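Show me the folded form of this:
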Amino acid sequence: MKTVLITGANRSIGLETAKQLSEKGLFVYLGSRNLENGEQVVKELTEKGFQNIKAVEIDVTNPDSISAAKSSIENEQGKLDILINNAGILGVIPQTTTETPVKDIQDVFDTNFFGVIRVTQAFLDLLKKSDSPRISNITSGLGSLTLHSDPNWKYYHVKNAAYGPSKSALNAYTIALAYELREMPFKVNVIDPGYTATDFNAHSGPGSVESAASFIIKHTLTDDSAPSGQYYSNDIEDETGISPW
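Below you'll find the model as predicted:
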């Protein structure tokens with residue numbers, strides 16, 4: 001049975017991804033900053049018939065929390081097949097480039113960018129024990145510099161000082177990570193689940209969590225011939241789903 005860790009999985013897209021992967025027969029570690037919250041979610045899922053889901057406490061901004069989660073999974077499984085870096089924050093709104101305090105921008109980057117690096121580096125040795133390791137970094141269309149430079153893009157005017165740039169940085173890190181792991185069986189990609197109705201955006205997005213999770217899984221449970229170092233978006237309206245960087 002393949003194992004997967006999803007950070008920030010106690011609600012919204014992360015939770016739906018956990019549910020769908022459980023239904024596909026994977027053992028899911030449902031990452032939550034607060035263990036009690038995560039265990040309550042797992043209890044509710046178990047009562048609904050979901051199997052092989054376990055809550056694990058992991059705060060991506062806290063190295064000790066990450067280390068403890070890694071030790072727990074290593075003791076129970078010995079390896080990790082899939083890492084989905086889903087945890088993210090929007091930050092204080094509005095985020096003007098001229099007035100947003102640097103501390104507010106740093107807080108967003110600490111979760112959305114540095115948090116991914118912390119978790120990835122911590123779990124890399126467990127992923128290397130898998131026959132087909134996968135790392136999916138959950139990004140946003142707002143991280144695309146190409147789209148942000150196109151006045152005809154439908155979200156052209158949605159610009160900010162912290163959230164979008166944190167995802168652009170994440171995209172850049174993913175390219176470098178995929179390159180560094182290119183001689184191993186890793187598939188490392190960034191996946192934009194699309195503008196989805198969640199608590200994150202006060203349910204303003206047009207997409208559903210079911211569609212978002214399905215898209216993440218489609219580009220995570222890939223075969224050996226699949227690309228690595230790619231940028232997929234659920235908002236791109238063609239069969240490839242490939243987004244410009």
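
Pretty sure His54 sits in a strand.
Just so we're on the same page, residue 54 is Lys rather than His. Yes - Lys54 forms part of a strand when assessed by DSSP: H, G, I helix; E, B strand; the rest coil.

Would you mark the buried spots in whichever strand or helix holds Thr17?
Assigned by DSSP states H and E, Thr17 falls within helix 12-23. Using 16 or more other CB atoms under 10 Å as the burial criterion, the residues of helix 12-23 that qualify are Ser12, Ile13, Gly14, Leu15, Glu16, Thr17, Ala18, Lys19, Gln20, Leu21, Ser22. For the C-beta atoms, the positions are set from N, CA and C on the backbone; glycine is no exception.

The second one reaches Tyr195, doesn't it?
No - proximity of Ile13 to Tyr195 does not meet the contact threshold set by CB atoms under 8 Å, at 11.4 Å.

rewinding a little: what is the subsequent helix or strand relative to the helix holding Thr17?
That would be, after helix 12-23 and using DSSP H and E, strand 27-32.

so the next helix or strand after that following strand versus strand 27-32, what angle?
Per DSSP H and E, the first helix or strand lying C-terminal to strand 27-32 is helix 35-47. Here helix 35-47 points in a direction 140 degrees away from that of strand 27-32 (axes from the mean of the first three to the mean of the last three CA atoms, to 10 degrees).

report the angle between the axes of helix 35-47 and helix 12-23?
Going by the same axes, to 10 degrees, helix 35-47 makes 50 degrees with helix 12-23.

CA atoms of helix 35-47 as PDB?
The C-alpha trace of helix 35-47 is given here as PDB (Å, rounded to 0.1, in the frame of the first residue of the first chain):
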ATOM      1  CA  LEU A  35      -3.400  17.300  16.200                       C
ATOM      2  CA  GLU A  36      -6.800  17.400  18.000                       C
ATOM      3  CA  ASN A  37      -8.400  19.000  15.000                       C
ATOM      4  CA  GLY A  38      -6.800  16.500  12.700                       C
ATOM      5  CA  GLU A  39      -8.000  13.500  14.800                       C
ATOM      6  CA  GLN A  40     -11.500  14.900  14.900                       C
ATOM      7  CA  VAL A  41     -11.600  15.100  11.100                       C
ATOM      8  CA  VAL A  42     -10.300  11.500  10.900                       C
ATOM      9  CA  LYS A  43     -12.900  10.300  13.300                       C
ATOM     10  CA  GLU A  44     -15.600  11.900  11.200                       C
ATOM     11  CA  LEU A  45     -14.200  10.300   8.000                       C
ATOM     12  CA  THR A  46     -13.900   6.900   9.600                       C
ATOM     13  CA  GLU A  47     -17.600   7.100  10.700                       C
END
